[in-house]
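1. starting from these lines, generate the structure:
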Amino acid sequence: MKISPLLWLLVFANAAHAESEFTDVSLEELMDVKVTSITKMPMSLNKSPVTAYVVSQDEIHRKGYRFLTDILKNIPDIHVANLASTEKAGVEIYIRGIFANDKITVLIDGNKIKAPTGEPTAFFHTMPLIDVKQVEISLGSASSIYGGDAMLGTINLVTETGAGIEGIKVKATGGTQDTGEVQVAAGKKVNDDVAVSLSGSFHRSASEDLKQNYPEIYGKINKVDLTEQNHNIHFKANYKDLTLSYYRLYNNANNSLSFNPAPPISYDYSGKAFFETTNQMVNATYNLEINPFWQAKSSLSYESTELEPGSSYRAWGATAPISWQGDAMRFSETVAYLKGDINWLSGMELSFMNSTPKNSADVSSLIKNTSYENYAIYSQVNYDLTEKLALNGSIRMDADSRYDPDFNPRLGFSWQAFKALRFFGAWGTSYIAPSPYLIYESWNTPADPIYHRANLNLQPERMTTAELGFNAEPFKGNTFKLSGFYTQGKDIVRLVNNVFTGKPNTNDNLASSKTYGLQVGDSQNFKNGISTDLNYIYTLGEQNAEKLNHMVGITNAPENMIKSNFMYSLDKFTFRLTGRWFDKVGTHESNTLYKGERMHGVTIFDSNLHYALPLNAAEFSVDLGATNLLDTTYYNVNMNDNFAVIPLQNGDALSGGLPRLPQETRRLYLTIGLSY
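-> Predicted coordinates for the structure are as follows:
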């Protein structure tokens, strides 16, 4: 079912003007939320030089969010494609028109949890929120702070201490498509110096039955197995200024190559193309307050990611499963001076990394084990030039043992022109070094119709981002935002597709891109418990994915996107209805079937009804929710790029895999929670 965006714009507009009385919440109060991940120093949102969002624990609870992706779906600048037609993960994240799974730094309490040597990230939809205090999301280049892979932004999950939990939290969820889930968190403040917490989760879902629901496409092939399951463990102990933590996330999900009903020759990955990963992080952090102004922080961590041997990465035509393991040992030391109108931070980071791509193909040139190091120094200053004007500057030098040193600066400002009007802006550069799996991946032999060879000359990808905008409070309880953005990328790694030329496929730094656009947003809080927000994001762009002599349009990301949220709280009840509409999602013009065609008009509604009942020292809660409330079929909104047409038995044609990018179909779920 497709709904006109104009219709639901009018619905939300009418809701927004249903009352003329506003709450006493001001823009200044809303923006005076402290975050640490933007600059690694405490900063209020009203001084952030970049677009940033903070989702509180109370908001997570009342809106019924269970996983990180639930939040990302409703962030204005982010487009989430569920069960995307990708070789690398079940969920694709696009930020301002750019595929961002490998270009976002994901942090747990400021410590990296992403694949340390750059392997694809598949866990956005599996990170539980049961013990999360707040989620901090900042956009734009952040390599000046975090180094490689912080090209388009950072996501920091700030978790509760044992003292913050002080008891037990349990949430059990059941739903359609055989969904079962449990999340548990327990914490205890032992004494004034010691606190411990332990949380865990388990999730399993059978998902869509493609063979039964789409017999015209899948009726003649083996059953497509979309079952996914994941589990998580998080332990944290605090002793005075020392924090010890362990985070583990296991994910087994279909990589959606199995959506392809007609691979070349006789390959059939319909029940085999799974992406099974394990991410781990062990960290020890010591915070030292030298005096009220000088602080120091020491951190030692071990991170690892493993693609299990049963996975089928690059399953298109590969004769055997492919896997890898990457791990890193990091040590960092920072010193900060925090006093009034000037805050300064400098530090260094040492990283020792090892990657083991694994392949059963007999390729003598394949390097199966590679070790390398990265040495970094960085410095940053936040300076209140006047009471209203705050400046931010940072720079970082990374020396990867495989490449020349890389320097990445960032400059930004925040100007509170009036009490209800703030201007902000930032410019920065960023980079990401190609992971060993991209450099050394190789499979099949020249006798096979599809074979791939290593490229030992891959270089880092580079990106420049810029943003300029303002926040305003036209009247009490109302906030308005307008911002423009620009992103330029070069040396982006893409597959050189030589399937039909007899030459091997390779990875190369062959792509360049630029995107630009604007975001317009308005939110309103009412005294009667109603709140609304509405955001429109317009994105244009060009790319040169094949080193053509001309640029072509961006692919897989929408040109127009509208996101809105309606929430009504009454006593113990909270009702949430979110809407997402995206339009003009296009394919590459070299796609021989669709030739640059853009798909139009998709509307998705999610809803949740939350009930909370305090019971003395405990709280009982119930959430009744739905995703994609109005539709039970996959949306036809996207297509693969750069593949020739493959004929089907019935005379139809597919371009590469599936000519539609599936969005999650309707799911209903019931969550029962108890906090004690």
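2. for beta bridges, what are the partners of the residue lying closest to Trp294 once chain neighbours are set aside?
-> Nearest non-adjacent residue to Trp294, counting by Cβ to Cβ, 6 or more residues apart in numbering: Tyr337, 5.8 Å away. Where you see a C-beta, it was placed from the backbone N, CA and C, and this is true even at glycine. For Tyr337, the beta-bridge partners are Trp294, Trp344 (DSSP bridges).
3. equivalent analysis for Glu303, please.
-> Beta-bridge pairing for Glu303 (DSSP bridges): Met281, Ala328.
4. residues contacting it?
-> Taking Cβ atoms under 8 Å, 6 or more residues apart in numbering, we find Glu303 in contact with Lys112, Ile113, Pro116, Asn279, Gln280, Met281, Val282, Asp327, Ala328, Arg330.
5. at 10 Å instead, please
-> Counting by Cβ atoms under 10 Å, 6 or more residues apart in numbering, Glu303 touches 111-117, 247, 279-283, 326-330, 351, 353.
6. next: Ser401.
-> By Cβ under 10 Å, 6+ apart, the residues touching Ser401 are Phe352, Met353, Ser371, Tyr372, Glu373, Asn374, Tyr375.
7. for the buried ones among those, write the corresponding PyMOL selection.
-> The PyMOL command for the buried members of these (criterion: 16 or more other Cβ atoms under 10 Å) is given here:
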select buried, resi 353+372+374
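8. quick one: low-confidence ranges for the stretch 351-500 of the chain?
-> Across the stretch 351-500 of the chain, the ranges flagged by pLDDT under 70 are 357-368, 449-450, 499-500.
9. out of the contacts of Glu303, which are inside helices?
-> Of the contacts of Glu303, none are assigned to helices by DSSP state H.
10. check which residues of stretch 557-572 are buried.
-> Ala557, Pro558, Glu559, Asn560, Met561, Ile562, Lys563, Ser564, Asn565, Phe566, Met567, Tyr568.
11. adding distance to Ser199, secondary structure and pLDDT, write the residues you listed out as a markdown table.
-> Shown next, in a markdown table, are these (distance: Cβ to Cβ, whole Å; DSSP: H, G, I helix; E, B strand; the rest coil; pLDDT from 0 to 100):
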| residue | distance to Ser199 | secondary structure | pLDDT |
| --- | --- | --- | --- |
| Ala557 | 34 | coil | 86 |
| Pro558 | 35 | strand | 90 |
| Glu559 | 40 | strand | 93 |
| Asn560 | 39 | strand | 94 |
| Met561 | 33 | strand | 95 |
| Ile562 | 35 | strand | 96 |
| Lys563 | 29 | strand | 96 |
| Ser564 | 32 | strand | 95 |
| Asn565 | 27 | strand | 95 |
| Phe566 | 31 | strand | 96 |
| Met567 | 26 | strand | 96 |
| Tyr568 | 30 | strand | 96 |
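12. and Leu540, what pLDDT?
-> Each residue has a pLDDT score; the one for Leu540 is 94.
13. for it, what are its contacts?
-> Per Cβ under 10 Å, 6+ apart, neighbours of Leu540: Gly97, Lys514, Thr515, Tyr516, Gly517, Leu518, Gly553, Ile554, Glu559, Lys584.
14. mind redoing it with 7 Å?
-> Taking Cβ atoms under 7 Å, 6 or more residues apart in numbering as the criterion, Leu540 is in contact with Thr515, Tyr516, Gly517, Glu559.
15. buried ones in the helix or strand encompassing the first one?
-> Thr515 belongs to strand 506-525 when assigned by DSSP states H and E. Of the residues in strand 506-525, those scored as buried under the neighbour-count criterion (16+ other Cβ under 10 Å) are 506-517, 519-525.
16. okay, that strand in CSV with CA atoms only?
-> Output of strand 506-525 as CSV, limited to C-alpha atoms (Å, rounded to 0.1, in the frame of the first residue of the first chain):
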residue,chain,number,x,y,z
THR,A,506,39.7,-6.9,-9.0
ASN,A,507,39.1,-4.2,-6.4
ASP,A,508,40.5,-0.7,-7.3
ASN,A,509,40.4,2.9,-6.2
LEU,A,510,38.3,3.8,-9.2
ALA,A,511,35.4,5.8,-7.8
SER,A,512,34.8,9.4,-7.0
SER,A,513,31.6,11.1,-5.8
LYS,A,514,30.0,14.2,-4.5
THR,A,515,26.7,14.7,-2.8
TYR,A,516,25.0,17.9,-1.7
GLY,A,517,21.6,18.8,-0.3
LEU,A,518,19.7,20.3,2.6
GLN,A,519,17.7,19.3,5.6
VAL,A,520,14.6,21.2,6.8
GLY,A,521,13.1,20.2,10.2
ASP,A,522,10.5,21.3,12.7
SER,A,523,9.5,19.9,16.0
GLN,A,524,6.9,20.9,18.5
ASN,A,525,6.2,20.0,22.1
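17. quick one: average confidence on it?
-> Mean predicted lDDT for strand 506-525 stands at 92.
18. quick one: low-confidence parts of the stretch 501-650 of the chain?
-> Using pLDDT under 70, the flagged stretches of the stretch 501-650 of the chain are 545-550, 588-596, 633-650.
19. again, only this time at 80
-> Where the stretch 501-650 of the chain drops to pLDDT under 80, the residues are 501-503, 544-552, 555-556, 586-601, 631-650.
20. where do the strands sit along the stretch 501-650 of the chain?
-> For the stretch 501-650 of the chain, the strands defined by DSSP state E, counting those that start in this stretch cover 506-525, 530-543, 552-553, 558-570, 573-586, 598-599, 602-615, 618-627, 645-647.
21. with distance to Pro128 added, can I get those in CSV?
-> CSV is the format used below for these (distance: least, Cβ to Cβ, whole Å):
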stretch, distance to Pro128
strand 506-525, 27
strand 530-543, 25
strand 552-553, 37
strand 558-570, 22
strand 573-586, 19
strand 598-599, 33
strand 602-615, 16
strand 618-627, 14
strand 645-647, 39
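22. that older thread, spit out the contact partners of the residue nearest to Trp294.
-> By Cβ under 7 Å, 6+ apart, the residues touching Tyr337 are Phe293, Trp294, Asn343, Trp344.
23. that older thread, hmm, which two among the contacts of Ser401 are most spread apart?
-> Ser371 and Tyr375 (14.3 Å; Cβ to Cβ).
24. which parts of the stretch 301-450 of the chain are helices?
-> Applying DSSP state H, counting those that start in this stretch to the stretch 301-450 of the chain gives helices spanning 436-440.
25. now do the stretch 1-150 of the chain
-> Listed in chain order, the helices of the stretch 1-150 of the chain (DSSP H, counting those that start in this stretch) span 5-16, 27-31, 57-63, 68-72, 143-146.
26. which stretch in those has the least confidence?
-> helix 5-16 (a mean of 37).
27. what's the local residue count around Pro215?
-> Neighbours of Pro215 under the rule other Cβ atoms under 10 Å: 10.
28. check it and give its pLDDT.
-> Reading off the model, Pro215 has pLDDT 73.
29. distance of it from Asn628?
-> With the distance defined as Cβ to Cβ, to the nearest Å, Pro215 ends up 21 Å from Asn628.
30. next: Gln519.
-> Separation of Gln519 from Asn628 (Cβ to Cβ): 24 Å.
31. name the residues of stretch 226-240 that are buried.
-> Buried-residue list, stretch 226-240, by 16+ other Cβ under 10 Å: Leu226, Glu228, Gln229, Asn230, His231, Asn232, His234, Lys236, Ala237, Asn238.
32. which stretches in the stretch 151-300 of the chain count as helices?
-> According to DSSP H, counting those that start in this stretch, the helices that the stretch 151-300 of the chain contains are 162-165, 210-213, 215-218.
33. highest mean neighbour count out of the ones you listed?
-> Highest mean neighbour count of the helices of the stretch 151-300 of the chain: helix 162-165, a mean of 19 (counted as mean count of other Cβ atoms under 10 Å).
34. what mean pLDDT does that helix get?
-> For helix 162-165, the mean per-residue pLDDT is 94.
35. got it, and stretch 39-51?
-> Mean pLDDT, stretch 39-51: 90.
36. one more: stretch 291-300?
-> Stretch 291-300 shows a mean pLDDT of 94.
37. just the buried positions in that stretch, please.
-> Applying a neighbour-count criterion of 16+ other Cβ under 10 Å, one finds Gln295, Lys297, Ser299 buried in stretch 291-300.
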